[in-house]
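Student: Fold the following for me, if possible:
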Amino acid sequence: MSEQTDDLRETVRRRYAAAAIEVTGGGSGCCGPQLAQPDRVFGSTLYGAEEQDALPAEAVAASLGCGNPTAVADLQEGDRVLDLGSGGGIDVLLSARRVGPTGMAYGLDMTDEMLALAVANQRTAGATNVRFLKGTIEAIPLPAGTIDVVISNCVINLSTDKPAVFAETFRVLAPGGRVGVSDVIADDELTPAQRAERGDYAGCIAGALSFTEYRHGLAAAGFTDIRITPTHPVADGLHSAIIRAVRPAVTA
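Tutor: Reported below is the predicted structural model:
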């Protein structure tokens, strides 16, 4: 791993550690507050009132994402779900409610402060079908083929090795498993330099892939049925989007 990559990862870690500390101290944070529009393009306002009311206030306050992946992941009773970059646990706890006692919701995060907040939120919610893991989304600490659905909320754009994220996601999914994530995506005509002009890496902007890059990255990892649907703008030429894809089932 290069020194620049290490520096970017540490910058991201510090940003989200600070956000967790702010929440536990009674505040709240946002993935990229300097870029947010008046109608809030990041954070808890992207969840319905019923979803927010069903969760601990700290889980809601710690929501730093750009969408609501659980609303489109089509979770079923008994599904095994993995949330990449689970933060304070809002999407894990919502997933746990949807998959029920026969399912399992895993959350993966690299930040100790966020993991501590997520575990506290799990206890407050009384969720027993939840497990939080420490690690990076480029090296998921789960066996191959053990997950039915991978979700993520504005985290993959923060990775400095997105091909590894896509490959690891494919590896942990069972045949026929699916992806339903929210992420920031750039228009194809925006260069990496132009993306960086619109926001920093830890603010979910500079590291965003374009529509074509995202689609090609998923396809290269083996995914099919790739669909990318923009939902709302987050900066000039950048959008929150829902990304869906499938790991093909084993053929006879």
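Student: residues in contact with the spatially closest residue to residue 135 that is not a sequence neighbour?
Tutor: Spatial nearest neighbour of residue 135, chain neighbours left out: residue 141 (4.4 Å); criterion: C-beta to C-beta, 6 or more residues apart in numbering. (Each C-beta comes from the backbone N, C-alpha and C, glycine too.) With C-beta atoms under 8 Å, 6 or more residues apart in numbering as the criterion, the residues that contact residue 141 are 108, 133-135.
Student: Taking the residues you listed together, which two end up most distant?
Tutor: Greatest spatial distance among those (C-beta to C-beta): 108 and 134, at 7.8 Å.
Student: hang on, the earlier thing: residue 225: which of the contacts of residue 141 is nearest?
Tutor: Proximity of these to residue 225 (C-beta to C-beta) peaks at residue 108, which lies at 23.8 Å.
Student: Name the helix or strand for the closest one, please.
Tutor: strand 104-109 (DSSP states H and E).
Student: where in the stretch 1-150 of the chain is pLDDT low?
Tutor: The stretch 1-150 of the chain contains residues with pLDDT under 70 at 1-9, 11-68.
Student: can you give me the helices for it?
Tutor: Remark: helices assigned in the stretch 1-150 of the chain by DSSP state H, counting those that start in this stretch are 3-24, 49-53, 57-61, 90-99, 112-125.
Student: Could you do the stretch 151-252 of the chain as well?
Tutor: Using DSSP H, counting those that start in this stretch, helices in the stretch 151-252 of the chain cover 162-172, 192-198, 211-221.
Student: Just say which of those is most tucked in.
Tutor: Mean neighbour count (mean count of other C-beta atoms under 10 Å) peaks for helix 162-172 among those, with a mean of 20.
Student: hmm, who's touching that helix?
Tutor: Residues outside helix 162-172 that contact it (C-beta under 8 Å, 6+ apart) are 82, 84, 137-140, 142-147, 150, 156, 159, 179, 209, 217-218, 220-223, 247.
Student: pLDDT on that helix, on average?
Tutor: Helix 162-172 carries an average pLDDT of 98.
Student: Quick one: neighbours of residue 76, just the number.
Tutor: 13 (other C-beta atoms under 10 Å).
Student: And it, its phi and psi?
Tutor: Dihedral angles of residue 76 (phi, psi; degrees, to the nearest 10) stand at phi -120, psi 160.
Student: list the contacts for the nearest residue to it once chain neighbours are set aside?
Tutor: Nearest in space to residue 76, with sequence neighbours left out and distances taken as C-beta to C-beta, 6+ apart, is residue 99 at 7.1 Å. Residue 99 is in contact with 75-81, 105, 129, counting by C-beta under 8 Å, 6+ apart.
Student: Show me which residues of stretch 97-109 are buried.
Tutor: Across stretch 97-109, burial judged by 16 or more other C-beta atoms under 10 Å covers 97-99, 103-109.
Student: can I get those in JSON lines with distance to residue 240?
Tutor: Output for the buried residues of stretch 97-109, formatted as JSON lines (distance: C-beta to C-beta, whole Å):
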{"residue": "97", "distance to residue 240": "23"}
{"residue": "98", "distance to residue 240": "21"}
{"residue": "99", "distance to residue 240": "25"}
{"residue": "103", "distance to residue 240": "27"}
{"residue": "104", "distance to residue 240": "27"}
{"residue": "105", "distance to residue 240": "23"}
{"residue": "106", "distance to residue 240": "24"}
{"residue": "107", "distance to residue 240": "21"}
{"residue": "108", "distance to residue 240": "21"}
{"residue": "109", "distance to residue 240": "20"}
